[in-house]
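> whatever this is, show me its structure:
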Amino acid sequence: MNRAVDLLKNKFGVSQLYKHDVIKDGVVELSVYWHPLTIAERESITKKSDTNDPNDFALALMITKALDKDGNRLFQDGDKASLRREVEANILQEIQLAMIEAGQTREVKEAKAELKSE
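Now for the predicted structure:
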């Protein structure tokens, strides 16, 4: 019988990779990849951001987690001010929302069923 922690790591672990394409006029302008957010990462990002501002957390999340197809960070910590002032808010929010919602469509029922069947 598998341990619950092993099941969770296998089904919902950080090895998963998500992708979101930023599209303008039918053309993919940027593909953003990321691994799932862990509690440890959430705590670290919260410490770095203004905890009273959800927009600041979302921007810090995007800067920290966004990767290119080769696994390299797309943004550096120093890009925060530029992103805030020089990029359309709706584009940043589109990426942030995709990152926050990633994995929520995955059925937890599947994992529960597998755990019960063992």
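> in three-state terms, label the residue nearest the centre of the chain for me.
The chain has Met99 as the residue nearest its centroid, 3.5 Å off, counting by CA atoms, centre = their mean. Under DSSP: H, G, I helix; E, B strand; the rest coil, Met99 falls in the helix class.
> check what pLDDT Arg3 gets.
Turning to Arg3, the model gives it a pLDDT of 85.
> hang on, I meant Ile100
At Ile100, pLDDT is 88.
> quick check: it vs Ser15, distance?
19 Å (CB to CB, to the nearest Å). Glycine gets a C-beta too; all of them are placed from N, C-alpha and C.
> circling back: and the nearest residue to the residue nearest to the centre of the chain once chain neighbours are set aside, how far from Ile45?
Setting aside the residues directly before and after it, Met99 is nearest to Trp34 in space (CB to CB, 6 or more residues apart in numbering), at 5.7 Å. Note on Trp34: its distance to Ile45, by CB to CB, is 12 Å.
> what's the answer for Asn55, then?
13 Å.
> these two: who's more crowded?
Per other CB atoms under 10 Å, whichever of Asn55 and Ile45 has more neighbours is Ile45, with 20 against 14.
> list the contacts for the more buried one?
Phe57, Ala60, Leu61, Thr64 (CB atoms under 8 Å, 6 or more residues apart in numbering).
> SS state for the closest residue to the third one other than its chain neighbours?
By that I understand Leu61. Using CB to CB, 6+ apart and skipping the chain neighbours, the partner closest in space to Leu61 is Ile45 (5.5 Å). When classified by three-state DSSP, Ile45 comes out as helix.
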